[in-house]
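In: could you work out the structure for the sequence below:
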Amino acid sequence: MMKYYVVDAFADKLFEGNPAGVCVLDSPLSDKLMQLIAMENNLSETAFAVKEDEGYGLRWFTPGGEIDLCGHATLATGFVIMLFVESDKQEINFQTLGGKLTVQKNADLFEMDFPAYELKRITVTDQMAETIGVRPLEAWMGRDLVCILDTEEAVINASVDGKKAMELDGLLLHLTAKGREYDCVTRSFAPKLNVAEDPVCGSGHCHVAPLWAEKLQKNGLIARQASERGGTLYCTVTGDRVQLSGKAVLYSIAELQLEGENR
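Out: Purely as a prediction, here's the structure:
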């Protein structure tokens, strides 16, 4: 048996934010088994953390494959470790495909230090407009494609064609606009990873936060993920790094029955 947690990350209350599966391991599992667990869980990400000499190794799997950076599942993993595994810790270091990441506990917020993606402005195309249902004002490319829309309502009301989104460049598709109550609002789509819409995307804000920091001429942003569940991210852009902070709520603790499986 293996302990398994589900945590709503970037959430002020239960059933908000982005649910992440978290497995804290004594020893690594095979890639195949981690992928099967992620597919069985069918959450946007399942995180697997293994204790190392200095912190933890951390990997993230979507139902469609491994990903190189994930904000909400990192926050969820830090939450689990600091509350249930090493409750004396206020900071956890992770070694990941995205480099060294740190999660710090500050009252009820969990603060993460992430790399900002380098973005290049690209030409807005008819294909983008047909996929989104509205023509973006601007388009930017990092790991993901970021499309800036003219209003918050355009982001909230956008109807993205998932099949057409599969044909666009970039791993994920983010729609973002300047907000009214928040500095920016964003929706994130990941059909290439078998995730139609990500409820709250931390790595997406490593794209959009630097963009809005530059446009609004401010380093500190309060961002809102405008998905159906919704979630709030507190972002600080410093050079080529983005500090993401948010709250988390425990949904469940379970035991995975993996006896006899090839680990």
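
In: which helix or strand contains the closest residue to C201 other than its chain neighbours?
Out: Leaving aside its chain neighbours, C201 sits nearest to S188 (3.8 Å; criterion: Cβ to Cβ, 6 or more residues apart in numbering). All C-beta atoms are positioned from the backbone trio N, CA, C, and that covers glycine. Assigned by DSSP states H and E, S188 belongs to strand 184-190.

In: relative to that strand, what are the paired strands and their orientations?
Out: strand 173-178 (antiparallel), strand 195-198 (antiparallel), strand 220-225 (parallel) (DSSP bridges).

In: what are the contacting residues of it?
Out: 44, 62, 152, 155-156, 158, 160, 162, 165, 171-179, 195-198, 201, 204-205, 208-209, 212, 221, 223-227 (Cβ atoms under 8 Å, 6 or more residues apart in numbering).

In: gap between it and the chain center?
Out: Relative to the chain's own centre, strand 184-190 is displaced by 10 Å; criterion: Cα atoms, centre = their mean, to the nearest Å.

In: pull the contacting residues for the closest residue to N41 other than its chain neighbours.
Out: Counting by Cβ to Cβ, 6+ apart, G21 is the residue found nearest to N41 once chain neighbours are left out, at 4.5 Å. By Cβ under 8 Å, 6+ apart, G21 lies in contact with 4-6, 37-38, 41, 43, 45-47, 73.

In: hang on, the earlier thing: hmm, which of the contacts of strand 184-190 are the buried ones?
Out: In these, burial by neighbour count holds for 44, 62, 152, 155, 158, 160, 165, 172-179, 195, 197-198, 201, 204-205, 208-209, 212, 221, 223-227, counting by 16 or more other Cβ atoms under 10 Å.

In: is E259 in contact with M2, as I believe?
Out: No - in this structure, E259 is not within contact of M2 by Cβ atoms under 8 Å, at 9.8 Å.

In: of the two, who's got more company?
Out: Each of E259 and M2 has its neighbours counted (other Cβ atoms under 10 Å); M2 has more, 17 against 7.

In: what's the burial count for the nearest residue to the more buried one once chain neighbours are set aside?
Out: Once flanking residues are discounted, M2 sits nearest to L256: 4.6 Å by Cβ to Cβ, 6+ apart. Using other Cβ under 10 Å, the number of residues around L256 comes to 15.
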